[in-house]
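> my questions are about this predicted structure, shown below with the sequence.
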Amino acid sequence: MEARAIAKYVRLSPRKVRQVVDLIRGKNVDEALSVLRFTPKRAAGVVAKVVKSAAANAEHNDDADRDSLIVAKAYVDQGPVLKRWKARAYGRANQRKSRTSHITVVVSDGKEG
């Protein structure tokens with residue numbers, strides 16, 4: 001049994017979110033939330049929200065026991081890039097890229113079926 005949750009168009013760079021996601025992969029859901037609570041990164045709050053959502057999906061849709069859930073898969077894909085212009089000296093302009101992320105978390109109870 002697997003349940004998943006996806007957060008799309010998160011205004012954080014995928015590279016920065018992957019640092020946080022790598023901390024929780026393979027851990028128990030409660031342990032993962034404890035790790036995220038004390039991780040001093042902006043992405044930790046967003047990832048915690050996705051983990052809670054995936055756990056709630058497993059409990060509601062598949063009648064899973066929350067204590068037996070583990071973070072089976074967690075990955076970050078790049079979303080669309082917002083391109084903005086920043087004024088520079090001598091009338092020039094530099095492009096600024098605001099990257100976005102799609103965060104996916106899959107929780108499982110380790111049983112097939």
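Yep, it's here. Residues are numbered from 1 along each chain as shown.
> wasn't residue 41 part of a strand?
No. Residue 41 is assigned coil when assessed by DSSP: H, G, I helix; E, B strand; the rest coil, not a strand.
> list the residues that contact the residue at the greatest distance from the centre of the chain.
Distance from the centre of the chain peaks at residue 90, with 41.0 Å (C-alpha atoms, centre = their mean). Taking C-beta atoms under 8 Å, 6 or more residues apart in numbering as the contact definition, residue 90 lies against nothing. Every C-beta, even on glycine, is put in place using the N, C-alpha and C of the backbone.
> who does the nearest residue to residue 49 once chain neighbours are set aside form a beta bridge with?
Once flanking residues are discounted, residue 49 sits nearest to residue 7: 7.0 Å by C-beta to C-beta, 6 or more residues apart in numbering. In this structure, residue 7 bridges to residue 103 when assessed by DSSP bridges.
> neighbours of residue 7, how many?
Under the neighbour criterion other C-beta atoms under 10 Å, residue 7 is assigned a count of 18.
> report pLDDT for it.
The predicted local distance difference test score for residue 7 is 96.
> residues contacting it?
With contacts defined as C-beta under 8 Å, 6+ apart, the neighbours of residue 7 are 46, 49, 50, 53, 101, 102, 103.
> likewise residue 66?
Taking C-beta under 8 Å, 6+ apart, one finds 29, 30, 55, 58, 59 in contact with residue 66.
> can you give me the helices for this protein?
14-24, 29-37, 43-62 (DSSP state H).
> JSON lines please, covering the ones you listed and showing mean pLDDT.
What follows is those, written out as JSON lines (pLDDT from 0 to 100):
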{"stretch": "helix 14-24", "mean pLDDT": "95"}
{"stretch": "helix 29-37", "mean pLDDT": "95"}
{"stretch": "helix 43-62", "mean pLDDT": "94"}
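> nearest to residue 75, out of those?
Residue 75 sits nearest to helix 14-24 of all those, at 6.8 Å, using C-beta to C-beta.
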